[in-house]
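**Student:** Got a predicted model here, sequence first, then my questions.
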Amino acid sequence: MPIAPTQLSYLCDLVYRKSAIVLTAEKEYLVESRLAPIARAAGFDSVEALIISLRSPAGLSLQAVVVEAMTTNETSFFRDLHPFDALRQELLPKLKLARASTRSLVIMSAACSTGQEAYSLAMLLQEPALDMASWKIRILGFDLSEAVLSRARSGLYTQGEVNRGLPAPMLVKHFDRVGSDWQIKKALRDQLEVRQMNLIEPWPTMARARRIPPPRRGRDHAEPRRALRSRAGRQVDGLSGDRVGQMMARSTVRTAGATEARAPPLVFAQRRRVRPWPCTLSGREIFASAGQ
């Protein structure tokens with residue numbers, strides 16, 4: 001049963017206000033498929049009835065559930081591959097030189113979903129060629145959805161999930177078999193700190209550090225806004241220019257997807273007095289900055 005345009009418009013506005021995710025009328029099929037189970041569980045006979053209930057005080061508790069359901073949590077190990085190659089071959093070696101005195105690194109994985117790409121970075125940093133295994137490394141994972149964060153904390157993945165992008169030698173080296181699933185070893189799980197956070201709400205206080213927001217899943221048709229929004233149904237990990245600029249320190253690397261809206265790199269260069277050096281790899285842009 002089609003959703004009335006006025007109700008669909010209300011839902012799109014609600015999701016945008018709560019998460020900065022942009023839904024359009026063309027996504028009605030997605031709304032139906034994502035919200036039908038919630039409507040049934042809550043005792044409504046249709047998705048439209050569920051949406052109508054969100055307007056009432058009694059429906060406030062369901063708003064967060066509905067917004068979370070409209071997020072897209074697609075991810076995989078070493079997703080897109082090329083950005084990880086660039087980190088391994090070019091960007092991390094330069095960061096090693098810049099951070100040699102402290103031998104520490106903080107990586108922020110915003111919209112980290114179930115954690116595959118954050119753990120991919122943890123595994124990459126263990127490679128002998130990089131010689132960073134003895135460094136003090138923290139990986140901070142943020143996401144709107146507590147459900148996916150719970151999976152990220154566990155580090156437990158199905159056979160199908162490890163088959164997507166994870167090289168067999170890394171599976172053997174960094175995972176333990178748990179029944180029919182695979183769990184990443186505790187040493188790497190301990191490197192990932194995950195927290196529920198809505199990127200458009202006030203951020204917790206975080207000291208400036210050398211951060212690498214890692215490249216992640218598709219962000220089709222992302223639009224510029226102080227807090228970035230995405231038509232692909234996810235809060236993007238490029239973040240807003242103002243907030244990133246406030247946190248960026250010298251010798252900072254920032255990665256951005258090909259369709260991600262971002263502030264021009266010169267904004268960051270002017271604010272932090274750094275020199276930007278971009279490279280493009282198969283549709284993925286990687287912006288890094290080296291202190292002057």
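**Tutor:** Right, received. Where do you want to start? Numbering: from 1, shown residues only.
**Student:** going forward, measure contacts and count neighbours with C-alpha atoms only.
**Tutor:** OK.
**Student:** Averaged pLDDT, stretch 3-17. What do you get?
**Tutor:** Averaged across stretch 3-17, the pLDDT comes to 93.
**Student:** try stretch 199-217
**Tutor:** 55.
**Student:** Repeat that for stretch 158-168.
**Tutor:** 96.
**Student:** Any buried residues in it, and which?
**Tutor:** 161-162, 166 (16 or more other CA atoms under 10 Å).
**Student:** Return the distance of Gly179 relative to Thr158.
**Tutor:** 10 Å (CA to CA, to the nearest Å).
**Student:** With Glu117 as the reference, measure out to Trp182.
**Tutor:** From Trp182 to Glu117 the distance is 16 Å (CA to CA).
**Student:** If you could redo that for Ile38, that was the one I meant.
**Tutor:** 29 Å.
**Student:** these two touch, right, Gln183 and Arg153?
**Tutor:** No. Counting by CA atoms under 8 Å, Gln183 sits too far from Arg153 to count as a contact (10.5 Å).
**Student:** Where does pLDDT dip in the stretch 151-292 of the chain?
**Tutor:** Low-confidence segments of the stretch 151-292 of the chain (pLDDT under 70): 203-292.
**Student:** and if we set it to 80?
**Tutor:** 199-292 (pLDDT under 80).
**Student:** and which of the buried residues of stretch 158-168 is nearest Arg88?
**Tutor:** Leu166 (15.7 Å; CA to CA).
**Student:** contacting residues for the residue nearest to that closest one when sequence neighbours are not counted?
**Tutor:** The shortest distance from Leu166 to any non-neighbouring residue, by CA to CA, 6 or more residues apart in numbering, is to Phe77 (5.5 Å). By CA atoms under 8 Å, 6 or more residues apart in numbering, Phe77 lies in contact with 116-117, 119-120, 162, 164-166.
**Student:** if I look at Phe77, how far off is Glu161?
**Tutor:** Taken as CA to CA, the span from Phe77 to Glu161 is 8 Å.
**Student:** Met1 now?
**Tutor:** For Met1, the distance to Glu161 - CA to CA - is 34 Å.
**Student:** Low-confidence ranges, the stretch 1-150 of the chain, go.
**Tutor:** Using pLDDT under 80, the stretch 1-150 of the chain drops low at 1.
**Student:** how about Ile52, phi and psi?
**Tutor:** Main-chain torsions, Ile52, degrees, to the nearest 10: phi -60, psi -40.
**Student:** what's the neighbour count on it?
**Tutor:** Using other CA atoms under 10 Å, Ile52 has 15 other residues around it.
**Student:** Okay, it and Asp45: tell me how far apart.
**Tutor:** Taking CA to CA, one finds Ile52 at 12 Å from Asp45.
**Student:** now Asn73
**Tutor:** 27 Å.
**Student:** One more: Phe77?
**Tutor:** 39 Å.
**Student:** what do you get for Ser154?
**Tutor:** Distance from Ser154 to Asp45, by CA to CA: 36 Å.
**Student:** ditto for Arg177
**Tutor:** 43 Å.
**Student:** more neighbours, the two?
**Tutor:** Ranked by neighbour count (other CA under 10 Å), Arg177 and Asp45 place Arg177 first, with 15 against 12.
**Student:** what helices or strands is the host helix or strand of Met108 leaning on?
**Tutor:** Assigned by DSSP states H and E, Met108 belongs to strand 104-110. Judged by 3 or more CA pairs under 8 Å, 6 or more residues apart in numbering; DSSP states H and E, strand 104-110 is in contact with strand 136-143.
**Student:** Can you give the strand pairings for the strand it packs on, parallel or anti for each?
**Tutor:** strand 104-110 (parallel), strand 192-196 (parallel) (DSSP bridges).
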